[in-house]
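Student: sharing a model that was predicted from the sequence below.
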Amino acid sequence: MQTYICRMLLQQTLIKATEAGAAIMKEYFDKHFTVSNKEGINNLVTEVDHKSEEAILNVIKKEFPDHYILSEEAGEIIQESEYKWIIDPIDGTVNYANGIPICCVSIGIEKNGKMQMGAVFNPFINEFYFAERGQGATLNNKKISVSNKTEVIKSCLVTGFPYTYLDTPNGPLQVFEKFIRKGIPVRRLGSAAIDLCWVAAGRFDGFYEHKLSAWDSAAGFIIVEEAGGKVTDLTGKYYNPYQPGLIATNGKIHDEVVKIVNGGEV
């Protein structure tokens, strides 16, 4: 009974925290706010990122003041806890700063090193994705599942381009070129969390990216898995959010995508 109550409180707090961050995003969207640059070109952070993060942290700390937190802007709030909250207060900040409504709040909860819950909310199109380990994935409380495509050549993919090492051998540009020269549609939305959720919902058949941070993928990772998909590192091995490369697919095209990303031909 105690475990059930804890689960329900975690779920309620996760949803409430995600909604709190999204409310801040909506409040300031398309209005004047300060924008600054972190390390690298166009690696933006806005005052809204910080305000969203503050709203999220206030909700979490009220219910779970002793939980470990990893958040994009605040960094690590280290606690001796089996639970860790992994937070991106605005995933798709460049989009948000330019008034493009492809952005979201993304929060994952890890227990003893394993993802347990994830929530991703884009308030501009009112899409709230949620997943809990072993319980499936939902979009606005309706079950979702990955697509049924079985060949990459017939698939619709999505990717992102990091701001560093674009020209490394078999890097993001080379892999992208391979796909598009074969006529395979590859989109670039600018929000890894949304990319992952749209794989989970069957809109995309696969997503790959060469460099992500834990807060970019933690929530979307479990949402894809609970929707029946497969997530690995770039070589097809076990994925965890603390290493950079990721491939997420419907599972049916996964091996083929891994092969292509690693230098094989389409």
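Tutor: Looks like it came in fine. Residues are numbered from 1 along each chain as shown.

Student: now the strands: where do they sit in the stretch 1-150 of the chain?
Tutor: 35-37, 44-46, 68-71, 75-77, 83-91, 104-111, 114-122, 127-132, 136-139, 142-143 (DSSP state E, counting those that start in this stretch).

Student: now these in JSON lines, with distance to G202 and mean pLDDT?
Tutor: No exception for glycine: its C-beta is placed from N, CA and C like everyone else's. Formatted as JSON lines, the strands of the stretch 1-150 of the chain follow (distance: least, Cβ to Cβ, whole Å; pLDDT from 0 to 100):
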{"stretch": "strand 35-37", "distance to G202": "35", "mean pLDDT": "68"}
{"stretch": "strand 44-46", "distance to G202": "31", "mean pLDDT": "70"}
{"stretch": "strand 68-71", "distance to G202": "30", "mean pLDDT": "96"}
{"stretch": "strand 75-77", "distance to G202": "35", "mean pLDDT": "88"}
{"stretch": "strand 83-91", "distance to G202": "20", "mean pLDDT": "97"}
{"stretch": "strand 104-111", "distance to G202": "18", "mean pLDDT": "98"}
{"stretch": "strand 114-122", "distance to G202": "16", "mean pLDDT": "97"}
{"stretch": "strand 127-132", "distance to G202": "13", "mean pLDDT": "98"}
{"stretch": "strand 136-139", "distance to G202": "10", "mean pLDDT": "98"}
{"stretch": "strand 142-143", "distance to G202": "11", "mean pLDDT": "98"}
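
Student: for the ones you listed, which one sits closest to K211?
Tutor: strand 83-91 (14.5 Å; Cβ to Cβ).

Student: next, the angle from the closest one to strand 104-111.
Tutor: 170 degrees (axes from the mean of the first three to the mean of the last three Cα atoms, to 10 degrees).
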